[in-house]
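K.L.:
Got a predicted structure here, sequence first:
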2 protein chains.
Amino acid sequence: MQRILSAHLAAHVHETVTIAGWIHRRRLLKSVAFLIVRDAEGISQVVVTDPATRARLEELTEESVVEVVATVTPNEQAPGGVELTGPAIRVLSAVTVQLPFELHRPELSASLPTQLDHAALALRHPARRAALRIAAAATAGFRAALSEQRFVEIQTPKIVASATESGANVFRLDYFGRPAYLAQSPQFYKQLMVGVFERVFEVGPVFRAEPSDTARHLSQYTSLDAEMGFIEDHRDVMAALTRTLAVMMQTITARTGEPTPDVPGEIPAVHFSEALKIAGAPADEPDLAPAHERALGEWALREHGSEFVYVTGYPMRKRPFYTHPDPADPTYSNGFDLLFRGLEIVTGGQRLHRYEDYVAALALRGERAEPYEGYLDGFRYGMPPHGGWAIGLERFVARLTETANVREVTAFPRDLHRVTP
Amino acid sequence: MQRILSAHLAAHVHETVTIAGWIHRRRLLKSVAFLIVRDAEGISQVVVTDPATRARLEELTEESVVEVVATVTPNEQAPGGVELTGPAIRVLSAVTVQLPFELHRPELSASLPTQLDHAALALRHPARRAALRIAAAATAGFRAALSEQRFVEIQTPKIVASATESGANVFRLDYFGRPAYLAQSPQFYKQLMVGVFERVFEVGPVFRAEPSDTARHLSQYTSLDAEMGFIEDHRDVMAALTRTLAVMMQTITARTGEPTPDVPGEIPAVHFSEALKIAGAPADEPDLAPAHERALGEWALREHGSEFVYVTGYPMRKRPFYTHPDPADPTYSNGFDLLFRGLEIVTGGQRLHRYEDYVAALALRGERAEPYEGYLDGFRYGMPPHGGWAIGLERFVARLTETANVREVTAFPRDLHRVTP
């Protein structure tokens, strides 16, 4: 008999059906036992009165995998208005060990390290599972929005010959006896691919040998990258990003039912020098501190009813060397951040597109051009004005779900202390 | 004026339009000059008669980026039936170096190493670009097919504490002063995530420290992974894969216009022992050699009119320890390969799902369980019968486009000798 999902039971009232899943919870009352079976989409309540079945059930631990053949019976008190009666239960996989924590409570009570030590179990908790479904929907929305805007998906190398984003914070590996590094971002590759497709995107892992042990740092995270050519300046990039965010939010709500904030057709944007004033920071601050970001988030909500705000024109000295300066005042850049609920979740901007500008920018910073030669070579062969952005997927999901620690929305997080499971 | 793409010019006859792109070719005849401008979607022909414009054009090298404002004029001989006349040309980015090879010929004439050394340029060639568009479409089709079949997308760690697929062929890295490795596959993670979502997929890089210097080996490639629970055996996995391949082919044709082979509703399947007979191999061969695979491909086309054929029941001793044995004859496995035009492009099968079976399988092979503890722990907590597959994207695209070397369909390939650009 074809297995059906718990979510579809109500369409089969009075029929005999097969369901399968994990024993989420057993409730062994005096005259009756209830078995809550969890599958990918929800839960079913199975009513056990037969003494032999009950005896068997008493020996089964939570999380054992079972197949249940039973009759769908209406019951207003049961989840979805139906329960399963007269069950025949077949065990597909019996759990014989003590679980390190229970899954059926609204919150996981184990400490975060314990949860992460047993991630394969903790991720089954409905709240953890929901966050990963949101991540999947966000990613699908990202791709849909960009495909619709003529962006082409690319896959780029994660093993590179030299550290590019910054000399530190890079993982070194043994590449057939030579040193190589894990890519900190697909930055130059996506820029070079603008020369091929004009508009490209990539969803993939990036690696930071980040010594910070905080609630928002991971040593591997998923970066949602995009890059586009033939722009006037960074404002074209912001418009494409705004459109993309709107589709991401729509896709999350459509796929998961979770409410998402409105993305304004035009997200409010403030120049960095103005942002400092709004945040009450000294005019000579070179960057925004977390408290400033929070203040800007409050300002955007208060003044514009927006949970999003762009900060444009960051000072050049705080942006990477490939950033395009503001032609009107080259101490500022055509780079921007997007704050969501007072936290930076996207960094983007216009990039340099002429080879000679790269050479000059590196010289200005006292950096040698040699480590970048493999990338810069491509800029000799004609590149249009271009720009792009990168969204950190885990930070985005954490902010959306108001989760304190990115590790809670990451399947098997990697950080300073953790490389297992 | 809003830029339009070359592909849309025919809808603007007699209008003044703006196009932009790369100078694909210049043809400087005596009385007239033709400029062929390439953009993301195609090419436009620009007719230059004005002496001043022509003089400027003579100084511009191929691949310079230009913006052209001109009139769309019908001309049956021109690409798309229109050409651009009376152009005003603005240079966005001038190329001042000699190109290492020409892009406007039907084939790139430079050697493959030279092409790869200048990948940012070579990838602009229409044939190379077309292969990457096919890869993007294949990936989109893979995701669409699986989302429709209730699979949830996951992102798993690429940095792992121990080598899992086999002790050799693994890249070692320095992880905050401790040794760690690049993941050779998401195998165990996708299996563990069956415990969360029942059905999962992942598109991501995998890493093999592959010392083989062949036309089909890369040290980083893109793996299209899927895993599904609550199966009877490997045949459920094959059915899901067949459906997925059909959608991949449809998506490629829909997005790129490239013809793709029919995927039969049921792809012919032969047991390994039968496959040896068909291929004329000795009955005690433990595996299929490339010549055997080719013979099977020819047989499937001849006998079943199919460019695809499954080989099932590979001997257990040639499959990884996590493979589920055939219950009817445990010397054979519930593992399969899919051959496409006589080449293996997918490996899959049913996996073990009980913790004690893993421990026994490792003991049987004389392997210690310790390196696998982080993964196997999850199997203590209830896993349904499950299986899955992995498609090597670059091999798939190479086979589909009948390209001899996977490096020709990979954006920036990595191999034994190459870690740049």
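P.N.:
It's in. Residues are numbered from 1 along each chain as shown, chains lettered A, B, ... in the order given.
K.L.:
can you list the domains in chain A?
P.N.:
A:6-93, A:122-409 (automatic domain parsing).
K.L.:
For residue B:327, find the nearest of those.
P.N.:
With C-beta to C-beta as the criterion, residue B:327 lies closest to domain A:6-93 of the domains of chain A, at 14.5 Å. The C-beta positions use only the backbone N, C-alpha and C, and glycine is treated the same way.
K.L.:
wait, does the closest one contact chain B?
P.N.:
Yes - residues of domain A:6-93 are located near chain B by C-beta under 8 Å from any C-beta of the partner chain, namely A:20, A:22-23, A:39-40, A:63-65, A:92-93.
K.L.:
for stretch A:247-259, same thing?
P.N.:
No - using C-beta under 8 Å from any C-beta, we find that stretch A:247-259 stays clear of chain B, coming within 8.9 Å at best.
K.L.:
and that stretch, how far out from the chain's middle?
P.N.:
Stretch A:247-259 sits 14 Å away from the centroid of its parent chain (C-alpha atoms, centre = their mean, to the nearest Å).
K.L.:
give me the element the closest residue to chain B within the stretch 101-250 of chain A is part of.
P.N.:
Distances between the stretch 101-250 of chain A and chain B by C-beta to the nearest C-beta are smallest at residue A:120, namely 2.9 Å. Per DSSP states H and E: residue A:120 is located in helix A:119-122.
K.L.:
ok now that helix, how far from the chain's centre?
P.N.:
18 Å.
K.L.:
So is the helix or strand following that helix next to chain B?
P.N.:
Downstream of helix A:119-122, the first helix or strand assigned by DSSP H and E is helix A:126-148. Yes - using C-beta under 8 Å from any C-beta, helix A:126-148 reaches chain B at A:129, A:132-133, A:135-136, A:139-140, A:143, A:147.
K.L.:
for helix A:126-148, packing partners?
P.N.:
strand A:152-153, strand A:199-207, strand A:220-229, helix A:234-256, helix A:393-400, helix B:126-148, strand B:152-153, helix B:187-197 (3 or more C-beta pairs under 8 Å, 6 or more residues apart in numbering or on different chains; DSSP states H and E).
K.L.:
neighbouring contacts of the helix or strand of chain A with the lowest mean pLDDT?
P.N.:
Using mean pLDDT, DSSP states H and E, the weakest-scoring helix or strand in chain A turns out to be helix A:373-376, at a mean of 87. Here helix A:373-376 makes contact (C-beta atoms under 8 Å, 6 or more residues apart in numbering or on different chains) with A:161-162, A:164, A:188-189, A:191-192, A:355, A:358-359, A:369, B:420-421.
K.L.:
Most neighbours among those residues, which one?
P.N.:
residue A:192 (30 neighbours; other C-beta atoms under 10 Å in any protein chain shown).
K.L.:
OK, contacts around that residue?
P.N.:
A:375, A:378, B:119-120, B:421.
K.L.:
May I see the residues you listed arranged in JSON lines, with distance to residue B:314 as well?
P.N.:
Listed next are the contacts of residue A:192 as JSON lines, based on distance: C-beta to C-beta, whole Å:
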{"residue": "A:375", "distance to residue B:314": "43"}
{"residue": "A:378", "distance to residue B:314": "44"}
{"residue": "B:119", "distance to residue B:314": "37"}
{"residue": "B:120", "distance to residue B:314": "41"}
{"residue": "B:421", "distance to residue B:314": "39"}
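K.L.:
If any of these are buried, give me the ChimeraX selection for them.
P.N.:
The ChimeraX command for the buried members of these (criterion: 16 or more other C-beta atoms under 10 Å in any protein chain shown) is given here:
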select /A:375,378 /B:119,120,421
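K.L.:
Around the closest residue to residue A:249 other than its chain neighbours, how many other residues sit close by?
P.N.:
Excluding its sequence neighbours, the residue lying closest to residue A:249 (C-beta to C-beta, 6 or more residues apart in numbering or on different chains) is residue A:260, at 3.9 Å. Residues lying near residue A:260 (other C-beta under 10 Å) number 21.
K.L.:
thought residue A:260 was touching residue A:251?
P.N.:
No - shown here, residue A:260 and residue A:251 do not form a contact pair, counting by C-beta atoms under 8 Å, at 9.1 Å.
K.L.:
Roughly how far does residue A:341 sit from chain B?
P.N.:
Residue A:341 sits 23 Å away from chain B, taking C-beta to the nearest C-beta, to the nearest Å as the criterion.
K.L.:
Residue A:306 is in contact with that residue, correct?
P.N.:
No - counting by C-beta under 8 Å, residue A:341 does not reach residue A:306; the two are 10.4 Å apart.
K.L.:
what are the ranges of the strands in the stretch 201-350 of chain A?
P.N.:
Taking DSSP state E, counting those that start in this stretch to define them, one finds strands in the stretch 201-350 of chain A at A:220-229, A:269-271, A:308-312, A:335-340, A:343-351.
K.L.:
mind putting those in CSV, mean neighbour count, mean pLDDT and distance to residue A:322 included?
P.N.:
Listed next are those as CSV, based on neighbours: other C-beta atoms under 10 Å in any protein chain shown; pLDDT from 0 to 100; distance: least, C-beta to C-beta, whole Å:
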stretch, mean neighbour count, mean pLDDT, distance to residue A:322
strand A:220-229, 24, 98, 11
strand A:269-271, 19, 98, 21
strand A:308-312, 25, 98, 17
strand A:335-340, 25, 98, 10
strand A:343-351, 22, 97, 5
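K.L.:
Hmm, residue A:19 is touching residue A:4, no?
P.N.:
Yes - Residue A:19 is in contact with residue A:4 according to C-beta under 8 Å; the separation is 6.3 Å.
K.L.:
Between those two, which has more neighbouring residues?
P.N.:
Comparing residue A:19 with residue A:4 by other C-beta under 10 Å, the one with more neighbours is residue A:19, at 22 against 18.
K.L.:
give me every residue that touches the more buried one.
P.N.:
Counting by C-beta under 8 Å, 6+ apart, residue A:19 has contacts A:3-6, A:9, A:37, A:39, A:44, A:67-68, A:70, A:84.
K.L.:
Which of the residues you listed ranks first by neighbour count?
P.N.:
Neighbour max across those (other C-beta under 10 Å) = residue A:44, 28 neighbours.
K.L.:
Name the nearest residue to that residue, sequence neighbours excluded.
P.N.:
residue A:6 (4.2 Å).
K.L.:
What pLDDT is listed against the residue of the stretch 251-400 of chain A at minimum distance from chain B?
P.N.:
Here the stretch 251-400 of chain A gets closest to chain B at one residue, residue A:378, 2.9 Å apart by C-beta to the nearest C-beta. Reported pLDDT at residue A:378 in the predicted model: 92.
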